[in-house]
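Asker: Sequence and predicted model, in that order:
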There are 2 protein chains.
Amino acid sequence: MAVTIRDVAKAAGVSISTVSRALAAPDKVNEATRLRVQTTADAMGYRPNRAARGLITGRTGNIGLIVPDLENPFFGSVSKGVQSRAREAGYAVFVADTDETPAMEAEAVRSLATQVDGIVMCSARSSDDAVRRFAGEVPLVLINRRLERIPSVTFDNGGGLRAVLRHLVALGHRRIAYAAGPVTSWSNSERSQVFAAFGHESSDLELVELGNFAPYFSGGIEAGDVVIASGVTAVVAFNDLMAVGLVDRLRQRGYSVPDDISVAGIDNVPVATHVWPHLTTVDFPRIAIGRASVDMLLDIVLGRTEHSHRVPDVAVELVIRQSTGVAPTTARAPSPHHTRTQPTTASRQ
Amino acid sequence: MAVTIRDVAKAAGVSISTVSRALAAPDKVNEATRLRVQTTADAMGYRPNRAARGLITGRTGNIGLIVPDLENPFFGSVSKGVQSRAREAGYAVFVADTDETPAMEAEAVRSLATQVDGIVMCSARSSDDAVRRFAGEVPLVLINRRLERIPSVTFDNGGGLRAVLRHLVALGHRRIAYAAGPVTSWSNSERSQVFAAFGHESSDLELVELGNFAPYFSGGIEAGDVVIASGVTAVVAFNDLMAVGLVDRLRQRGYSVPDDISVAGIDNVPVATHVWPHLTTVDFPRIAIGRASVDMLLDIVLGRTEHSHRVPDVAVELVIRQSTGVAPTTARAPSPHHTRTQPTTASRQ
DNA sequence: CGTGCGACTGAAAAGGCTTGCAGAATGATC
DNA sequence: GATCATTCTGCAAGCCTTTTCAGTCGCACG
């Protein structure tokens, strides 16, 4: 059915070895024959069978990408970055969605391990030990999780969160909540620590951690009531999705954002500017991160690992928008509905 | 490095053929040996090399998924559906993101064709001829595009749009716009036709098509000004993302949704309920669609194609929320800012 | 005890490709 | 014209499985 190297060889009147070389190692073959082979190959629509090639070279030309949730725009962006860099490098990419469960991560690694040259794993939900085991099976690069001696690309989680907190403090907030994400999330635990430690920067600050909540809109809805009950004037959510849910719930309950309560997210996913008020958040260059992870993986796979195994935290950026404002003087009770004057800021994207 | 069937054979004291059979065709081998082989294979962590297997069986156990934009939540959901069904059936999936360009679709098909058993192609942007050519290269199932003699799963585009239009008419709207999506999009052209044809259902209706606009938030921003200039009282956008951009732009320009202008989207992606007002839209069961497409592809690949080549349009559902309302009596000029009383509707998801 | 049968098992080919090695052809040198 | 160095090119092995085909073995039956 498909045209094989043998067919091309016959058509071009050369041996299969010559065809193989003409296509893969152009300088080891006479220019004239090379051209002839190339032409007939193109004419016949020949495409080398990568499985067969992989069998002998030991490399598949594929990489795997494992993410917790493809519906989450954060991972969509990362996937896009991984995609594009991989394609440039001539690699195809397997994607596996694990529904945020460690079990499926293990399964994905097992089933992918044999047919890829390496795996990029995003926001791994598995235990440290499990992740180490994965790395033993197949070249592995972690995104958004740091683990001793495992290559990873991470971003400055702590710096981002601190920037948000300083911003809120500058606006006069003194009682601030962190709406935590999944317990199994490495970045959640890092943020949680940074949040707790922030109390030392300035005293007279009351920091309360709430949750954990699911890293979705629904988690934000749930968090909304808890935030209200906690009596804070500002809340930072684990991610933008949760922040958006929070804002929605607060409005439902009759609270105005940011007049009664300020809300900030983390991630700067597109939805952050789709909602009103536009979300104050922390921007991660997600596509760049995806691309960087592929570069790192290829460095390892191709054995050109000169540089360190860990990309320094990529810089993050506090993006101040309309969901955070000065702390209310009297707070607490639902304010009457009032529309603020329309900011004229153009929306991003 | 990796443990091969030969290693297992040696360890279990049998031939490689026996190992192969023990694992793949349990009834063709003595129960005792089967157990012994199974055990040692497990103990050694043997995983058959799928490339080698594919070489001989002609099947790879992989399928390809091609989508225009992974960052678009619509395709994220579809991917998730494809994912989960494929995994259940023991298939791994390659994903390719084409950045909405026909050229990349062709490239993706070419590079995937040799290493998958079939491809699911979502919202193909290529010409009919090109798509036909793809289908000639590899078993292909189309999502969201109908093409004579090519298997596809589509949804009732026309019915969805008509439902929205009837809804708007019932609310008293007489001048209604359709903000069109990409020219290369099949569903856009179908919607465009349905929209134009709708004029016949009731007379005294003024239907204007605007665009084309990009199927993103940014496209909606652009569309917003055009909509205002057109003087309509209601607009249906090509998709939710565009509708959200539209709403944002209208608010920026001082128009209230739905008091001055009603806006409806199509797709019911999560963001539809993340924004305020929640978007009136048409719901597609995206995950189910993804799953169905895999079923269909496998039917073809495995040669069990009893049923027709085309899944009947899957049902869609009009979801009425807060972005559409009764037509304004005097319309046109930006209304003063006024907040409507808060609906108490619970948000979905 | 010889024959035949069934149930298992093993040898070997095949699948498409890369690559080390040897052979052929070409050209240059003496 | 013969020799030798250079390119090129072809042969064949090998990558890991599956699967056909033939063979072994034990056992029941005559």
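Answerer: Good, I have the coordinates.

Asker: what's the pLDDT at A:Gly160?
Answerer: The model reports A:Gly160 with a pLDDT of 94.

Asker: That one reaches A:Ile266, doesn't it?
Answerer: Yes - A:Gly160 lies in contact with A:Ile266 (Cβ atoms under 8 Å); the separation is 6.4 Å. Just so you know, the C-beta spots here come from the backbone N, C-alpha and C atoms, and that holds for glycine as well.

Asker: A:Leu318: neighbour count?
Answerer: As a burial measure, A:Leu318 scores 18 neighbours (other Cβ atoms under 10 Å in any protein chain shown).

Asker: tell me, what's touching A:Gly160 and A:Ile266 both at once?
Answerer: Here A:Gly160 and A:Ile266 have A:Val282 as joint contacts, going by Cβ atoms under 8 Å, 6 or more residues apart in numbering or on different chains.

Asker: which sections of chain A are below the confidence cut-off?
Answerer: Filtered on pLDDT under 70, chain A yields the residue ranges A:1, A:201, A:305-312, A:330-349.

Asker: I'd say A:Arg36 and A:Ala12 touch.
Answerer: Yes - with contacts defined as Cβ under 8 Å, A:Arg36 counts as touching A:Ala12 at a distance of 5.6 Å.

Asker: For these two, indicate the residue with more neighbours.
Answerer: It is A:Ala12, of A:Arg36 and A:Ala12, that has more neighbours when counted by other Cβ under 10 Å, with 20 against 17.

Asker: Next up, identify which helix or strand the residue nearest to the more buried one when sequence neighbours are not counted is on.
Answerer: Here the nearest residue to A:Ala12 in space, its sequence neighbours aside, is A:Thr40; by Cβ to Cβ, 6 or more residues apart in numbering or on different chains that works out to 4.5 Å. Take DSSP states H and E as the rule and A:Thr40 turns out to sit in helix A:31-44.

Asker: mind giving me the domain ranges of chain A?
Answerer: Using automatic domain parsing, the domain ranges for chain A come out as A:62-155+A:287-314, A:157-284.

Asker: Need the distance between the two termini of the longest one.
Answerer: One end of domain A:157-284 to the other measures 9 Å (Cα to Cα, to the nearest Å).

Asker: same question, the shortest one
Answerer: Taking Cα to Cα, domain A:62-155+A:287-314 runs 26 Å from one end to the other.

Asker: Tell me where the stretch 151-300 of chain A has strands.
Answerer: For the stretch 151-300 of chain A, applying DSSP state E, counting those that start in this stretch gives strands covering A:152-155, A:175-179, A:206-210, A:234-237, A:262-264, A:281-283.

Asker: quick revisit: isn't the residue nearest to A:Ala12 right next to A:Lys10, touching?
Answerer: No - if you go by Cβ under 8 Å, A:Thr40 and A:Lys10 don't touch, sitting 9.6 Å apart.

Asker: more neighbours, these two?
Answerer: For A:Thr40 versus A:Lys10, the count of surrounding residues by other Cβ under 10 Å is larger for A:Thr40: 20 against 14.

Asker: quick one, helices of chain A?
Answerer: A:5-12, A:16-24, A:31-44, A:50-57, A:73-88, A:102-113, A:128-137, A:157-170, A:186-198, A:217-230, A:240-252, A:271-274, A:286-301 (DSSP state H).

Asker: between the domains of chain A, which one is nearest to B:Gly58?
Answerer: domain A:62-155+A:287-314 (16.2 Å; Cβ to Cβ).

Asker: show me the contacts for A:Val141.
Answerer: By Cβ under 8 Å, 6+ apart, the contact list for A:Val141 reads A:Gly118, A:Ile119, A:Val120, A:Met121, A:Pro151, A:Ser152, A:Val153, A:Ser293, A:Met296, A:Leu297, A:Ile300.

Asker: Kindly reformat these as a markdown table containing distance to B:Val95.
Answerer: Supplementary listing: the contacts of A:Val141 in a markdown table, determined by distance: Cβ to Cβ, whole Å:
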| residue | distance to B:Val95 |
| --- | --- |
| A:Gly118 | 16 |
| A:Ile119 | 14 |
| A:Val120 | 13 |
| A:Met121 | 16 |
| A:Pro151 | 23 |
| A:Ser152 | 22 |
| A:Val153 | 20 |
| A:Ser293 | 16 |
| A:Met296 | 20 |
| A:Leu297 | 17 |
| A:Ile300 | 22 |
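
Asker: near chain B, which of those show up?
Answerer: Filtering the contacts of A:Val141 for proximity to chain B by Cβ under 8 Å from any Cβ of the partner chain leaves nothing.

Asker: Closest to DNA strand D out of these?
Answerer: Each of these was scored against DNA strand D by Cβ to the nearest atom of the strand, and A:Gly118 proved nearest at 17.8 Å.

Asker: How many neighbouring residues does that closest one have?
Answerer: Other residues near A:Gly118 number 24, with proximity taken as other Cβ under 10 Å.

Asker: That one against A:Ala135, yeah?
Answerer: No - A:Gly118 lies out of contact with A:Ala135 (Cβ under 8 Å); the separation is 10.2 Å.

Asker: Show the contacting residues for the closest residue to A:Val194 other than its chain neighbours.
Answerer: In space, not counting the residues next to it along the chain, A:Val194 is nearest to A:Gly158; the distance is 4.2 Å by Cβ to Cβ, 6+ apart. Contacts for A:Gly158 (Cβ under 8 Å, 6+ apart) come out as A:Glu190, A:Arg191, A:Val194.

Asker: Let me know the distance separating the first one from B:His200.
Answerer: Right, A:Glu190. Distance of A:Glu190 to B:His200, given as Cβ to Cβ, to the nearest Å: 61 Å.
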